[in-house]
Structures are given as C-alpha cells and as structure tokens.
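Colleague: Model the structure of this input:
(one chain, ligands or ions: 1)
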Amino acid sequence: MTNDKYPFINYPLDYSYNALEPFIDQKTMELHHDYHLKNYITQLNEILKENPALSKLSLTQLLENINELPLPLYTAIKNNAGGVFNHRFYFDGLKNTFLKTPTSSLLKAINKRFGSYENFKENFIAVALTVFGSGYVWLVFKEGDLKIITTQNQDTPLSFSYCVLLNLDLWEHAYYLKNYGDKIAYIDNWFNVINWAEINKRYINCKEI
Ligand code: MN3
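Modeller: Predicted structure coming up:
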C-alpha cells in the first residue's frame with residue numbers, strides 16, 4: 001500500500017523484511033525502509049506543511065514540475081520528494097521469485113534495444129559502476145526507446161521527462177551491511193530479486209502515455 005499525496009505515510013512493504021534473503025538481507029531492508037525512507041517521508045511532510053499550495057500536488061507532480069520551484073524549496077523538494085519516490089519505486093520493483101528475467105513485451109523491447117537480456121545486464125552493470133558517490137541507475141523509456149541512465153543523490157528521471165521502468169539504489173546504505181564495499185556483489189544479488197512482472201506492467205503503462 002502507498003499514498004501519493006500529503007500527508008505521506010510510510011506504509012509497510014508488501015513483503016516481509018526477510019523475503020529477499022539470501023540476496024538482500026533482513027537488517028538492510030529494515031533499516032532501508034524504516035529509517036532511511038521514513039526520514040525522507042518525515043522531512044517531505046514538514047516541507048509541505050509549511051507550503052500548503054504545494055501540499056495539494058501528488059508526489060510525481062512535485063517531481064515533474066520541480067524546475068518551477070524557487071531555489072531553497074527546489075533543493076528541499078528534490079532531495080526529499082525524490083528520496084520518497086526513488087525508494088518506493090525501488091522497493092516495489094523487488095520480489096524473490098523463480099522468474100529471474102523479463103518476459104513478454106518488455107523482453108522483446110530489451111532484445112531489440114540491447115541485443116539480448118545478457119547484453120542488457122552487462123550494460124546495466126557497466127553503467128551502474130560509473131555512479132560516483134551516491135545515486136541510482138535506471139532503465140527508462142522515452143519516445144519509444146529504452147535507455148539506461150544514472151542520477152546523483154535523490155535526483156529522479158521524472159524531472160527530465162522520462163517514464164521510469166526500473167531503478168537500482170547505489171547508496172552505500174543499500175548494501176554495506178551485507179556486502180561492505182563490494183558493489184558488484186550487491187548488483188549481482190539484486191538481479192535475482194527484480195520483480196519483472198511489475199517492471200513489465202510499468203513498461204506497458206509507459207508505452208500507453
Ligand atoms: Mn536508499
């Protein structure tokens with residue numbers, strides 16, 4: 001369950017904290033959801049409480065129109081609304097299931113754009129390793145084409161008119177307890193818990209826009 005308007009609530013995940021074991025550990029999921037995401041939600045609610053006009057906008061409306069905001073508010077909304085959206089999107093894109101690869105129309109699009117799923121995976125990992133410091137790597141859709149892009153901190157592709165399909169959180173808090181500094185091990189593990197059924201739904205929605 002989720003809500004997309006003020007006041008934002010940190011609803012529980014759709015799965016248990018240990019559901020992604022052994023790929024992503026329980027303690028990381030607890031801290032990531034109950035501490036990191038919760039902080040973004042608390043701070044976003046505080047900002048919106050002080051700015052009633054903005055509090056009527058949805059989370060995606062805030063992020064899509066962020067360039068129209070005055071500077072101090074721009075930074076605060078970018079970081080905190082971005083932090084809420086990016087984390088919810090990441091958590092909703094995870095599932096520990098037998099289905100380890102994309103299917104149907106998304107698989108076709110991936111094959112067309114990248115040659116094969118294996119090539120896509122190789123590309124995605126290579127791009128992920130270019131993220132310096134904290135950020136995300138994304139699979140996005142724009143003008144009929146798939147693209148792999150990165151964002152810094154809590155920036156989100158919604159602010160650059162991309163339709164988003166998949167994101168990987170590359171902040172150290174996403175993997176440090178289990179993988180220490182081994183980012184590649186984290187990325188390899190994460191590829192086992194991508195919720196491809198959900199990503200396929202997102203792809204169909206993006207194509208319809
Ligand atoms: Mn995170």
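
Colleague: Show me what the longest helix along the chain packs onto, helices and strands only.
Modeller: Determined from DSSP state H, the single longest helix within the chain is helix 71-92. With contacts defined as 3 or more CB pairs under 8 Å, 6 or more residues apart in numbering; DSSP states H and E, helix 71-92 has these neighbours: helix 38-50, helix 59-64, strand 163-169. Any C-beta I mention is one placed from the backbone N, CA and C, and that applies to glycine too.

Colleague: now for these, which one comes closest to residue 28?
Modeller: Residue 28 lies closest to strand 163-169 among the helices and strands packed on helix 71-92, at 10.5 Å (CB to CB).

Colleague: Show residues contacting the closest one.
Modeller: With CB atoms under 8 Å, 6 or more residues apart in numbering as the test, strand 163-169 has contacts from 32, 86-87, 89-90, 93, 106, 124, 128, 136-142, 146, 156-158, 187, 190, 194, 199, 202-203, 205-206, 209.

Colleague: just stretch 152-161 next, same as before
Modeller: Here stretch 152-161 makes contact (CB under 8 Å, 6+ apart) with 40, 60, 63-64, 66-67, 78-80, 82-83, 85-86, 131, 133-135, 138, 140, 142, 149, 151, 164.
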